[in-house]
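> Requesting a structural model of the entry that follows:
(2 chains)
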Amino acid sequence: MSGGAMESVADAAARATPKRVAGRLRGLSDRAIAWLFISPTIVLLLAINIFPLLWTVYLSFTNYRANQPGREVKWIGTRNYERLLGSEDVWGYMQATAHFLVWTMVLQVIIGLGLALLINRGFRTSGFWTTVILIPMMLSPAVVGTFWTYLYQPQTGIFSYIINTFVEVGALNMIGSVSLAPWAIVIVDTWMWTPYIMLLCLAGLRSIPPYLYEAAEIDRANALQKFWYITLPRILPFLMLAVLFRGIENFKMFDMVVELTSGGPGSTTELASINLKREAFEKWRTGYASAFAVILFVTVFGLASIYVKALNRVRS
Amino acid sequence: MRKIGTFVATALLAAGAGAANAQDKELTLCWAAWDPANALVELSKDFTAQTGIKMNFEFVPWTNFADRMLNELNSGGKLCDLMIGDSQWIGGGATYGHYVKLNDFFDAEGISMDDFLPATVYAYSTWPKGTPNYYALPAMGDALGWVYRKDWFERPEIREAFKAEYGRDLEVPTTWVELKEIAEFFQGREIDGETRYGAAIYTERGSEGITMGVTAALYPWGFKYVNTPGEYDMEGAVNSPEAVEALEFYKSLYDCCTPPGHSDAYMVANLDAYKSGQVAMQMNWFAFFPGIAKDEVVGGDVSGFFVNPGQNIEASTLGGQGISVVAYSDKQDEALQYIKWFAQPDVQAKWWELGGYAVHVDVAGAPDFPDSTPFAGEFLKAMDGVQDFWQEPIYAELMLAMQKRIHDYVVAGDGTAKEALDKLIEDWTISFEDDGKL
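Residues are numbered from 1 along each chain as shown, chains lettered A, B, ... in the order given. As a prediction, the model looks like this:
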């Protein structure tokens, strides 16, 4: 839009609009036109994102209950936050979430990268296997959670049967055992979402120019050196992006785990989001749940910001 | 002649329009998706035949029933004209104005609450509890009972083995201690070449399962929610030595005598465990017993039924529901018409025939009622000693707290029974403080 011959945004817009409206547009600056065009989006964004966020922050300082509309809403200061941060149970939910988050990310990165490297070798049926590997990702998490309850069934489930063919452990109670249930949900999530990590890694691998490997061959670099000095740095931004997306998703994991364990046994797999839903929409402690949501939001936002900075550093 | 013709045509048109009007009317009844709901669909065909009002049904599986329907009520939804809501909802239904108060309607239509079993009127209809303020008509009596493999109990070799081990005959248990002994006896036992287990008990985490199961033990031990009726003084009642003992007992029953993987089980899981021949006994609602009695595999003489065993006292966990008119419905007149029809003794008799638990005294109080089915007598015994969970408006919050504390202890083995009940009092105290009751 620079240069004397180029018409202004306002002129271009005015030419493309009906005469009656065009007359009004001609008097506006480019900046005003730009604001005019983006204002509906901004209004929408404010209405559906920013306002609810601010409203949630406000509610977090009250005793509001959404199922009692006639009840007086009292400002109770930081009491909800004090209760939350002083509650052993809440720390338990956060620990369960951290365990789930860390282990799913670790396993999915290792397995996903491994699969991507394997598929990238371009063997004859690699296309077919790529499709097969992607199938779990296409299923609904609720469905996945439900059918894994059958697979995990200690007496008739195939999971226990397979494990017992390798190690004689008897009926393996994956979702009823305190020590195994946290791993049960990690395994299912890893089964479901490793293909996603694999897909992004594969995109990274395909973007590496072959001449880099040819140059490394000339320099007599071995396979490990090629991986360490060429492959890994080149796919790291892709990998980090995949981890960011999956990390945010898993921080708010709900449906699959509810179907699989309902948060049990006890509260062993009660992730923060599951408890948040119970507080907000089953107990109807809206103010308390809002405070919890704010804490979770700040945590995710803080961690994601740090992570994005690291990602940008890697990219640069 | 012409005038007569016009008159006849007008009359025919008016009659046609009237019929069309009746046909246009319809009601939606909301309830849980389970066996009695199917019986109600069948029963309601008579209502449609008599009134021309079409009945629609919205049935939700039990595990999502409270969640779904309470959201519907809380949001002032118009989906349901009639609600067969759980007994614990009556406090919220009345306090938050979800249910229509039925006193004037009952008076006008001559419907007397004296015609229904007193325990059901108290539990399903009144708020505040025990006062003559009615928000529902008792619709479906229910309590937690037990089903057992009568055929196994009668086998001579099994009876001998039991007598050798416990020094008494293998009979239906009358106490929880006896029940556990029987469950221990069957646990891991080979019968007909299959490994069997003791008992399927409620352990469900998400909705109300483990609370309903554990209260079936707590009540017979003498558990009370409060020391003083009408007050909220829970310390010493909820965590009394008897309550601690009962909770420990329930955990020991879970640890010793349930099938593998029975850690998140409610009604359907118990039915499955029983019908597949895994367990010798199952706890479940009486509502399922007609279905079990007719079952191809475990029906007939294969199964027997018994009331929840006593311990220090005789007591059972209350189930069942009343039928209410939803205050947000635009069709309250038709909904009241349904309740009036449902309250009739002949309709109640048919309700019982079809598999619903009628609690009209003409039906349940009839001399031949106890012998009408293999479980009817046990049902009446249960209804004599039923106790219910909190029916406070904030019952869901109280329920979820108990679900967590009990599941943490019984299934996850976290802490002691005393600690679980102490924490439960803390949770409930916060809830009542928030609600302005403390």
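> Please name the residues that touch the most centrally placed residue in chain B.
By CA atoms, centre = their mean, chain B has its centre lying nearest to B:Gly319, at 2.5 Å. Residues near B:Gly319 by CB atoms under 8 Å, 6 or more residues apart in numbering or on different chains: B:87, B:142-144, B:212, B:285-287. The way it works is simple: take the backbone N, C-alpha and C, and place the C-beta from them, glycine included.
> State the pair within the residues you listed that is farthest apart.
Maximum pairwise distance in the contacts of B:Gly319, criterion CB to CB, is 13.9 Å, between B:Ser87 and B:Phe286.
> Chain B contacts on the stretch 201-316 of chain A?
Residues of the stretch 201-316 of chain A lying close to chain B (CB under 8 Å from any CB of the partner chain) are A:258, A:261-268, A:278, A:281-285.
> So which of these wins on neighbours?
A:Thr261 (30 neighbours; other CB atoms under 10 Å in any protein chain shown).
> quick one: that one and A:Thr269 touch, right?
Yes - with contacts counted by CB atoms under 8 Å, A:Thr261 reaches A:Thr269, the gap being 4.5 Å.
> so what's in contact with the two at the same time?
With CB under 8 Å, 6+ apart as the test, A:Thr261 and A:Thr269 both reach A:181, A:184-185.
> Now do the same contact list for A:His287.
No His there; residue A:287 is Gly. Counted by CB under 8 Å, 6+ apart, A:Gly287 has contacts A:59-65, A:76, A:80.
> which residues of chain B score low on pLDDT?
Scanning chain B for pLDDT under 70 picks out the ranges B:1-23.
> Helix, strand or coil: sort out the residue in it positioned nearest to chain A for me.
Closest to chain A within chain B is B:Ala412: 2.6 Å, counting by CB to the nearest CB. Recorded secondary structure, B:Ala412: coil (DSSP: H, G, I helix; E, B strand; the rest coil).
> tell me the phi and psi of the residue nearest to A:Met253 when sequence neighbours are not counted?
Distances taken as CB to CB, 6 or more residues apart in numbering or on different chains place A:Leu271 nearest to A:Met253, at 5.7 Å, with adjacent residues excluded. When read as degrees, to the nearest 10, the backbone of A:Leu271 gives phi -70, psi 160.
> Surely A:Leu271 touches A:Thr97?
Yes - using CB under 8 Å, A:Leu271 is in contact with A:Thr97, at 4.7 Å.
> what about these two, which has more around it?
Remark: of A:Leu271 and A:Thr97, A:Leu271 carries more neighbours, 27 against 23, as counted by other CB under 10 Å.
> how about that one, what does it touch?
A:93, A:96-97, A:100, A:253-254, A:257, A:263.
> How about the residues of the stretch 51-200 of chain A by chain B?
A:63, A:66-68, A:83, A:89, A:152-155, A:171, A:173, A:175-178.
> 6 Å instead, please
Counting by CB under 6 Å from any CB of the partner chain, the stretch 51-200 of chain A comes close to chain B at A:67, A:153-155, A:171, A:173, A:176, A:178.
> and A:Phe301, how many neighbours does it have?
By other CB under 10 Å, neighbour count at A:Phe301 equals 11.
> Between the residues of the stretch 201-316 of chain A next to chain B, which sits nearest B:Gly77?
A:Phe281 (14.5 Å).
> Identify the residue nearest the closest one in space, chain neighbours excluded?
Using CB to CB, 6+ apart, the nearest residue to A:Phe281 is B:Asn71, at 7.0 Å.
> give me the element that neighbour is part of.
helix B:62-74 (DSSP states H and E).
> before we move on, what about A:Ile306?
helix A:286-315.
> Show me what counts as buried in the helix or strand that contains A:Thr131.
Assigned by DSSP H and E, A:Thr131 falls within helix A:126-134. Buried residues in helix A:126-134, counted by 16 or more other CB atoms under 10 Å in any protein chain shown: A:130, A:133.
> What's the first helix or strand after that helix?
Using DSSP H and E, the helix or strand that follows helix A:126-134 in sequence is helix A:141-151.
> pLDDT of that following helix, averaged?
Throughout helix A:141-151, pLDDT has a mean value of 94.
> Can you mark which positions in that helix are buried?
Neighbour-count burial for helix A:141-151 [16+ other CB under 10 Å]: A:141, A:144-145, A:148-149, A:151.
> related to what we said a few turns ago, in TSV: the contacts of A:Gly287, plus neighbour count.
TSV is the format used below for these (neighbours: other CB atoms under 10 Å in any protein chain shown):
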residue	neighbour count
A:Leu59	22
A:Ser60	23
A:Phe61	19
A:Thr62	20
A:Asn63	21
A:Tyr64	22
A:Arg65	21
A:Ile76	17
A:Asn80	23
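> of these, closest to B:Asn56?
A:Arg65 (31.1 Å).
> doesn't that closest one fall inside a helix?
No - A:Arg65 is assigned coil when assessed by three-state DSSP, not a helix.
> Need the phi and psi values for whichever residue of the stretch 51-200 of chain A sits closest to chain B.
Nearest residue of the stretch 51-200 of chain A to chain B, counting by CB to the nearest CB: A:Gly176, 3.1 Å away. When read as degrees, to the nearest 10, the backbone of A:Gly176 gives phi -110, psi 0.
> quick revisit: the residue nearest to A:Phe281: how many residues sit nearby?
15.
> Could you measure from it over to A:Ala293?
18 Å (CB to CB, to the nearest Å).
> swap in B:Thr373?
51 Å.
> before we move on, what SS does B:Met83 have?
Going by three-state DSSP: B:Met83 is strand.
> tell me the contacts of it?
By CB atoms under 6 Å, 6 or more residues apart in numbering or on different chains, the residues touching B:Met83 are B:30, B:324, B:326.
> Tell me which of the residues you listed fall in strands.
Taking DSSP state E, the ones among the contacts of B:Met83 that sit in strands are B:30, B:324.
> Can you get me a residue count around residue 136?
Using chain A. 16.
> actually it's chain B I care about, not the one you picked
So B:Ala136, with other CB under 10 Å, has 29 neighbours.
> Identify the residue spatially nearest to it, adjacent ones excluded.
Leaving out its chain neighbours, B:Ala136 is closest to B:Gly322 (CB to CB, 6+ apart), at 2.8 Å.
> and that neighbour, what are its phi and psi?
According to degrees, to the nearest 10, B:Gly322 has phi -110, psi 160.
> for chain A, what are the nearby residues on chain B?
Going by CB under 6 Å from any CB, the residues of chain B near chain A are B:74, B:205-206, B:260-261, B:263-264, B:396-397, B:400, B:407-408, B:411-412, B:414.
> now with 8 Å?
Checking chain B against chain A by CB under 8 Å from any CB, the hits are B:67, B:70-71, B:74, B:92, B:96, B:204-206, B:259-264, B:394, B:396-397, B:400, B:404, B:407-409, B:411-414, B:430, B:434.
> For the top helix by length along chain A, what is the distance to the chain centroid?
Identified as the longest helix of chain A according to DSSP state H is helix A:88-120. In terms of CA atoms, centre = their mean, to the nearest Å, the centre of helix A:88-120 is found 12 Å from the chain centre.
> Let me see the mean pLDDT of it.
Rounded mean pLDDT across helix A:88-120 is 95.
> which residues touch stretch B:301-310?
Contact with stretch B:301-310 is made by B:143-151, B:153, B:172-176, B:178-179, B:216, B:219-220, B:283, B:289, B:292-293, B:295, B:314-317, B:374-375, B:378-379, B:381-382, as judged by CB under 8 Å, 6+ apart.
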